[in-house]
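K.L.:
Here is a sequence with its predicted model. Questions after.
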Amino acid sequence: MIISHKEIVKREESVVDDVVCNCCGNSLIHKKTSDGHIICKEYIRIEKLFGYYAEVFEDGERHTVHICEECYAKWIATFKHSPKQIR
Ligand SMILES: [Zn+2]
């Protein structure tokens, strides 16, 4: 059982100031709203935690990348098999 009450609590939170493409370094911000929030352009986010059987990276190594739409288009043009799907 939880017994609680209402209280105004001031705490520190992480606020995103910008999202940057890992490939080209350009900002992914489309615009900032009047209340300080950011609206981003389209981008790809990849997160990978490498495990025991990783051959190039360390076990437990975590990668997080943000890639803008333009860089993603250039990247997938180098793929042997396109990830594009027709609706
Ligand atoms: Zn980019």
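P.N.:
Everything's here; your move. Residues are numbered from 1 along each chain as shown.
K.L.:
could you list every residue that touches Tyr43?
P.N.:
Each residue near Tyr43 by Cβ atoms under 8 Å, 6 or more residues apart in numbering is listed here: 19, 21, 28, 66-69, 72. Backbone N, C-alpha and C define where each C-beta goes, glycine included.
K.L.:
What residues does this structure have near the ion?
P.N.:
Contact residues, the chain versus the ion (Cβ under 5 Å from the ion): 21, 23-24, 68, 71.
K.L.:
May I see the ChimeraX selection of the buried members of those?
P.N.:
What follows is the ChimeraX syntax for the buried subset of the residues of the chain next to the ion, where burial is set by 16 or more other Cβ atoms under 10 Å:
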select :21,68,71
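K.L.:
check which helix or strand covers Cys71.
P.N.:
In this structure, Cys71 sits in helix 69-76 according to DSSP states H and E.
K.L.:
picking that back up, for the contacts of Tyr43, which single residue is the most surrounded?
P.N.:
Using other Cβ atoms under 10 Å as the neighbour criterion, Cys68 leads the contacts of Tyr43 with 23 neighbours.
K.L.:
The helix or strand hosting Ile44: how far from the chain's middle?
P.N.:
Assigned by DSSP H and E, Ile44 belongs to strand 43-49. In terms of Cα atoms, centre = their mean, to the nearest Å, the gap separating the centre of strand 43-49 from the centre of its chain is 6 Å.
K.L.:
export the residues of the chain next to the ion to CSV and tack on pLDDT?
P.N.:
Below are these laid out as CSV (pLDDT from 0 to 100):
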residue, pLDDT
Cys21, 97
Cys23, 97
Cys24, 98
Cys68, 97
Cys71, 98
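K.L.:
and which of the residues of the chain next to the ion is nearest Val56?
P.N.:
Of all those, Val56 sits closest to Cys23, with 18.9 Å by Cβ to Cβ.
K.L.:
just checking, that closest one touches Cys71?
P.N.:
Yes: Cys23 is within contact range of Cys71, at 3.8 Å (criterion: Cβ atoms under 8 Å).
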